[in-house]
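> I would like the atomic coordinates for the input below:
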Amino acid sequence: MRVTACLFGPLRRAEGTDTLTVDLAPDSRVLDLMLTLITTRPALRDLLPRCTFARNGDYLLLDAYLAEGDTLLILPPPDAPLGAGDPDALVSPCGRFLLTHRPIDAAAVTAKASHPNAGAVLTFTGTVREWTRGRRTVALTYTAYEPMALRTMAQIGDEVAARWPETRLAIAHRLGTLAVGEVSIVIAVGAPHRAQAYEASRYTIERFKQIVPIWKKEIGEDGTAWVGHQGDNWDPLKPLEPAPEPAASPVPEAACCRESETKAARGGLGNP
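Model (predicted):
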């Protein structure tokens, strides 16, 4: 089927035209139109995820179905001038925690976690996967209570520094609608030793899911669903409990005896 997309503001300037004619498969939705334009119109790629779609004077959700001959209005937010960078990105005062509507520069996040005493710098990248619990995902939409999200990200940074001294944390999270394969979060940890970096990175992502007010909506072939904390109970006031240590494997009695005899032969059980 064929629909018409009317462009406004920076979209019009970027594309150099008022309207676009787009061919879509039958039973397509607004999301299909957006993804088609992102793929076929590179000049619009960074602007479209922040835009709102409307038809006949009504705003549309991304999972709304389209019909042959529809005319869609694509409306950018009023604070999105062309070439002005990311106008609604939020950055913490220290510069290490970021919320952005644009693709994340993982190398830049990693650089913020590096420091002279870091013997290990570990970067974790979270991406949008296609299949979740047997359900195919077409895209994800992230929204946040942005001031509090940034503040709780910085709180995690303080917690990491307290638990692992001389460790520096940097986090960037993407907002808006992301296609499969796009990066949603980058966590970088600079630590004196690699064990600290691994432990702090794991702590960060688990704590992030526990206390940072960012909500995820899965857009699938069969509709949409909001996805939040995936543990048993969501309790942002509860400290994150460390994972239990794995139980030691039982040692056969004969092996214990041999070990004792070997240490005794060296001059006593207390000797190395």
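
> looking at this, residue 3 is in a strand?
Yes. Counting by DSSP: H, G, I helix; E, B strand; the rest coil, residue 3 is part of a strand.

> quick one: pLDDT of it?
At residue 3, the model reports a pLDDT of 96.

> now swap in residue 254 and tell me
pLDDT recorded at residue 254 is 44.

> Then residue 79?
The confidence metric pLDDT takes the value 46 at residue 79.

> Could I get the contacting residues of residue 190?
By Cβ atoms under 8 Å, 6 or more residues apart in numbering, the contact list for residue 190 reads 113, 114, 115, 118, 120, 121, 167, 168, 197. From N, CA and C alone the C-beta is placed, and that goes for glycine too.

> Which residue lies closest in space to it, excluding its sequence neighbours?
Closest residue to residue 190 apart from its sequence neighbours, by Cβ to Cβ, 6 or more residues apart in numbering: residue 118 at 3.5 Å.

> same for the one helix or strand residue 203 maps to, what does it pack against?
Using DSSP states H and E, residue 203 maps to helix 194-211. Helix 194-211 sits against strand 120-127, helix 146-163, strand 168-174, strand 183-191, with contacts defined as 3 or more Cβ pairs under 8 Å, 6 or more residues apart in numbering; DSSP states H and E.

> who's in contact with the third one?
Contacts of strand 168-174 from elsewhere in the structure, counted by Cβ under 8 Å, 6+ apart, are 96-105, 109-110, 112-115, 118, 142, 144, 149, 153, 156-157, 160-161, 182-191, 200, 204, 208, 212, 214.

> Separate out the buried members of the residues you listed.
Burial by neighbour count, judged by 16 or more other Cβ atoms under 10 Å, picks out 96-102, 104, 109-110, 112-113, 118, 142, 144, 149, 153, 156-157, 160, 182-191, 200, 204, 208, 212, 214 from the contacts of strand 168-174.

> list the buried ones in the helix holding residue 203?
If you call a residue buried by 16+ other Cβ under 10 Å, then helix 194-211 has these buried ones: 196, 197, 199, 200, 201, 202, 203, 204, 207, 208, 210, 211.

> re earlier: quickly note the distance from the residue nearest to residue 190 to residue 166.
Shown here: residue 118 relative to residue 166, a distance of 8 Å by Cβ to Cβ, to the nearest Å.

> Find the residues that touch each one of the two.
Listed contacts common to residue 118 and residue 166 are 191, 192; contacts here mean Cβ under 8 Å, 6+ apart.

> related to what we said a few turns ago, the residue nearest to residue 190 in helix, strand or coil?
Under three-state DSSP, residue 118 falls in the coil class.

> unless I'm mixing things up, it is touching residue 191, no?
Yes. Counting by Cβ atoms under 8 Å, residue 118 touches residue 191, with 6.1 Å between them.

> which intervals of this structure have sub-threshold pLDDT?
Within the chain, the stretches with pLDDT under 70 are 77-88, 222-238, 241-272.

> Helices of that one, residue ranges please.
10-15, 30-40, 106-113, 146-163, 194-211, 253-265 (DSSP state H).

> Which one of those helices lies nearest to residue 133?
Closest to residue 133 of those, according to Cβ to Cβ: helix 194-211, at 16.4 Å.
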